[in-house]
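Student: just need the structure, nothing else, for what follows:
(2 chains)
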Amino acid sequence: MKHLLSIDDIDRDFAITILDTAAEMARVSEGSVKKLPTLRGKTVVNLFAEDSTRTRISFEAAAKRLSADVINFSAKGSSISKGESLKDTALTLQALGADAVVIRHPASGAAHQLAQGRWINGTVINAGDGTHEHPSQALLDAYTIRKHLKNGSGDLQDLHIAIVGDILHSRVARSNVLLLTKLGARVTLVAPPTLLPYEAEKWPVSISYNFDSVLPTVDAVIMLRIQQERMSDLYFPNAHEYSTLFGIDLERLSLTKPGSILMHPGPMNRGLEISAEAADSPQSVVVEQVANGVSIRMAILYLFIAGSQVQG
Amino acid sequence: MTTQSILIKSGAILAGDKKDLYIENGVIAEIGTNLSKNADITIEADGLVLLPGFVDLHTHLREPGRENAETIETGSKAAAKGGYVAVSAMANTLPVADSAAIVEQVASIGKIVGLVDVFPIGAVTKGLAGEELADLGSMARSKAAVRVFSDDGNCVSDPLLMRRALEYVKQFDGVIAQHAQDPRLTEGSQMNEGVISSTLGLKGWPAVAEESIIARDILLANMVGSKLHICHVTTAVGVEIIRWAKSQGMAVTAEVTPHHLLLTDESAKSYDPIYKVNPPLRSQSDVEALRAGLADGTIDIIGTDHAPHPVESKECEWQNAAFGMVGLETAFPILYTTLIKSGAISWQRAAEVMSLTPAKIAGYSSHGRPIAVGEPAHLAVIDPKGTTVVDRALLVSKSKNTPFHGMEFSGTVVATIFAGRLTHKVGE
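Tutor: Got it, this is the predicted structure:
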């Protein structure tokens, strides 16, 4: 396995290997010397053709802790913003000798196209492509869930996880549906019908329009960000109604069982899909997700770049 | 224009009896057995099938304005190679073919090239903007004598404007060829809406965006008593609506493209924009409904929707890529492989969908004629035992955006005769 483009690219056992490796990486990060020499001499390019803060710095921190040389290539002010094609950008990265490209791109499928091998030879890690997938986010979510609810080992068998909000436009939701079900969890999508993808009932998930009815049985709730531009696009009547029906606050949170956790991939719209009190509640693991993100990305870079020979 | 004499030996007319044909001065001069003629060219056609030369009602030749993708000359060459003797040049050029001057220019360049008859299609609305009628009457009365009008690429979505267009073209027996696509339901759409688009995160193109316009326009055309042609039908429900309309005696004709008879939205999983096309590739059940519709007469014709694009328009992200695929050079082998070979449609029906009916719909009176003495010599010579392996490098179209690269089809177009002249011969 060379590229991480979709959760479809990894099987259950390898997903668990990534989570286990991330746990080891977390121990490194907790030590006094936070660096491993694993990727010394390797060049990792962060190609971010779309604004992103947390994912980019997370991958950057991960690569640096593995001693890789990191080149950041961001949309703003770069040739991408001047209309350079993905092909030409890729050829440039190839000429720079990138061993791996971490790509965030507004077009669904951009990572797949980069990985076809026609333009570059290096490993491609999808850091979010359009409304398609965001595999590293799903892996860090699974890691976080496993840590809290499965003592940090094995799979997610028998857990019930709700993903709530704008499923239609969410790459996080798509990757999570694939990964969490692969790991044995039961997934319920909670959203107004307008924000569910067409024929989502063909996915291996349950679908509910009633958030309150789902909450008592869930072990983890993943809230998704509502983009401001959805308001003007007829998906729901107004922010207040959305918030009332599909937002989470302390009252709703009280419907969950003890020990369940509240997650959000960020950035949060406090007061819209999540109340400030809920975001800061003891059940919220939002900040921890960020820390886990670095460990997961270290594991991904390690396994897909340094470990590419051992996996065959 | 120099004339040739051509002797075709032992060709099976519509796969029937083997006959010799002698062609002289652009017409079929004699049909018989063991004809002894001193012809300029002799074609040994034993084992080959003779069909009336093909007529395409849906061709993008890109000239004027987008000659980097195709020219009337390169498009004509591609057509001849595919067995075509007439093509209909869609109006979405730069400038748009919405005036007599442009359609006359296109027709006149077509004549100079002289490989096929190039019949310009006029825009329905000025600049394809969907706001006001183009110079329909002037185009009809021009030397190009336009009878088919289409905003193809865009839908004439305003129902009142569509009604007026249908009514207006009655005065010169015109037909409106509608690209059925509700624009509001397809804003930003990238591929067929279904579980595949949902999983790929590509914005869906609902079937109903096409079907609702088909239904609306059939009712409008019936009300005003005008002629409606539905371009590139792609959905099972669309076929069903047309079947119903025909059962009610309503005047509507419909076309299907070769690619919609073969490919499905599964191909988008590669994210290769070579499969990006408007209207989009649909599901396998839609493909089967289209094949059945073509076989039972619900769908009248094959239209290629030959849509050349330069490399850079396809070598990019899916959402930024151009819609369309080239199709003139591969149309017949696909029809043969999907429907004729299995016997799902007869050779007679093949002649109808490739030649007779498109010529009739558009009023191209010298085309789609029977293969008989005294008729214009427009012929496609087919080898049903031949194999066509598509190689994009060997396409004569200026653009190479074929989704069929590397695929193997049964049936080859061995030769094309246009107005008594050999315009294509395999290996030459």
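Student: tell me the spacing between residue B:274 and residue A:113.
Tutor: Separation of residue B:274 from residue A:113 (CB to CB, to the nearest Å): 12 Å. In this view, the C-beta of every residue, glycine as well, is placed from N, C-alpha and C.
Student: and the two? Which one has more around it.
Tutor: residue A:113 (26 against 19; other CB atoms under 10 Å in any protein chain shown).
Student: surely the more buried one is within a strand?
Tutor: No - counting by DSSP: H, G, I helix; E, B strand; the rest coil, residue A:113 is not part of a strand but helix.
Student: what sits closest to it if chain neighbours are left out?
Tutor: Nearest residue to residue A:113 in three dimensions, chain neighbours excluded: residue B:271, at 5.8 Å (CB to CB, 6 or more residues apart in numbering or on different chains).
Student: isn't the one you found right up against residue A:114?
Tutor: No - Residue B:271 is beyond contact range of residue A:114, at 10.2 Å (criterion: CB atoms under 8 Å).
Student: neighbours around the residue nearest to residue A:113, how many?
Tutor: Neighbourhood size, residue B:271 [other CB under 10 Å]: 26.
Student: partner strands of the helix or strand containing residue A:70 and their direction?
Tutor: Per DSSP states H and E: residue A:70 is located in strand A:69-74. Using DSSP bridges, strand A:69-74 pairs in its sheet with strand A:43-48 (parallel).
Student: what sits up against the partner strand?
Tutor: With contacts defined as CB atoms under 8 Å, 6 or more residues apart in numbering or on different chains, strand A:43-48 is touched by A:55-56, A:59-60, A:63, A:68-75, A:89, A:93, A:96-105, A:127, A:301, A:305.
Student: which of those are buried?
Tutor: Neighbour-count burial (16 or more other CB atoms under 10 Å in any protein chain shown) applied to these gives A:55-56, A:59-60, A:63, A:68-71, A:73-75, A:89, A:93, A:98-105, A:127, A:301, A:305.
Student: these in helices, which ones?
Tutor: Among those, the residues falling in helices (DSSP state H) are A:55-56, A:59-60, A:63, A:89, A:93, A:301.
Student: just give me the closest of those to chain B.
Tutor: residue A:89 (10.9 Å; CB to the nearest CB).
Student: that closest one and residue B:300, how far apart?
Tutor: Going from residue A:89 to residue B:300 by CB to CB gives 47 Å.
Student: residues from chain A in reach of chain B?
Tutor: Contacts of chain A with chain B, taken as CB under 8 Å from any CB of the partner chain, map to A:85-87, A:105, A:107-110, A:112-113, A:129-133, A:171, A:174, A:197-200, A:202-203.
Student: ok, and for stretch B:116-128, which residues are buried?
Tutor: Result for stretch B:116-128 [16+ other CB under 10 Å]: buried residues B:116-125, B:128.
Student: related to what we said a few turns ago, inside helices: which ones of the residues of chain A next to chain B?
Tutor: Short answer: the residues of chain A next to chain B in helices (DSSP H) are A:86-87, A:110, A:112-113, A:171, A:174.
Student: can you put these in a markdown table and add pLDDT and distance to residue A:184?
Tutor: Output for those, formatted as a markdown table (pLDDT from 0 to 100; distance: CB to CB, whole Å):
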| residue | pLDDT | distance to residue A:184 |
| --- | --- | --- |
| A:86 | 87 | 36 |
| A:87 | 89 | 40 |
| A:110 | 95 | 31 |
| A:112 | 96 | 27 |
| A:113 | 94 | 32 |
| A:171 | 97 | 22 |
| A:174 | 98 | 18 |
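Student: can you pick the most crowded of those?
Tutor: Greatest neighbour count in these, by other CB under 10 Å, goes to residue A:110: 30 neighbours.
Student: check contacts around residue 227.
Tutor: Using chain A. Going by CB under 8 Å, 6+ apart, residue A:227 touches A:166, A:169.
Student: could you do chain B instead?
Tutor: For residue B:227, the contact set (CB under 8 Å, 6+ apart) comprises B:166, B:169, B:173-176, B:221, B:251, B:253, B:361.
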